[in-house]
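Peer 1: next one to model:
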Amino acid sequence: MYWNGAHVEEIYPVSTVSDGTALNVTVCSYADRISFGYLAGRDVMPDIEAVTGLTEQCLAELEAAVGTVR
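Peer 2: Residues are numbered from 1 along each chain as shown. Reported below is the predicted structural model:
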């Protein structure tokens, strides 16, 4: 795919913050890749970094369950 004549190599998930939202997870896929973006209220979820590791763990479990090799 191209954007204004340039070859697109990556797409990054970006979302917006809305009032009352504690956690937003945005997912996009492109060219056999899937990307996750996380937004969270600091007061509600101060350890948002932990979600990244947990997501990787869950994806590894899913891949193992369906027989996919990384």
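
Peer 1: what's the weakest-modelled helix or strand in this protein?
Peer 2: Here the helix or strand of the chain ranked lowest by mean pLDDT, DSSP states H and E is strand 2-3, holding a mean of 84.

Peer 1: parallel or antiparallel, list what pairs with that one.
Peer 2: When pairing is defined by DSSP bridges, strand 2-3 lines up against strand 6-7 (antiparallel).

Peer 1: check which helices and strands the helix or strand following the partner strand sits against.
Peer 2: In the C-terminal direction, the helix or strand that comes right after strand 6-7 (DSSP states H and E) is strand 23-30. With contacts defined as 3 or more Cβ pairs under 8 Å, 6 or more residues apart in numbering; DSSP states H and E, the packing partners of strand 23-30 are strand 33-40. In short, each C-beta sits where N, CA and C put it, glycine included.

Peer 1: paired strands for the strand it packs on, with orientation please.
Peer 2: strand 23-30 (antiparallel).

Peer 1: centre of the chain to the partner strand, how far?
Peer 2: 5 Å (Cα atoms, centre = their mean, to the nearest Å).

Peer 1: so for it, mean pLDDT?
Peer 2: Averaging pLDDT along strand 23-30 gives 90.

Peer 1: show residues contacting the least confident helix or strand of the chain.
Peer 2: V8 (Cβ atoms under 8 Å, 6 or more residues apart in numbering).

Peer 1: how far off centre is it?
Peer 2: Distance of strand 2-3 from the chain centroid (Cα atoms, centre = their mean) equals 22 Å.

Peer 1: which strand or helix spans V51?
Peer 2: Assigned by DSSP H and E, V51 belongs to helix 49-66.

Peer 1: just want the angle from that helix to strand 33-40.
Peer 2: 150 degrees (axes from the mean of the first three to the mean of the last three Cα atoms, to 10 degrees).

Peer 1: what packs against helix 49-66?
Peer 2: In terms of contacts (3+ Cβ pairs under 8 Å, 6+ apart), helix 49-66 is packed against strand 33-40.
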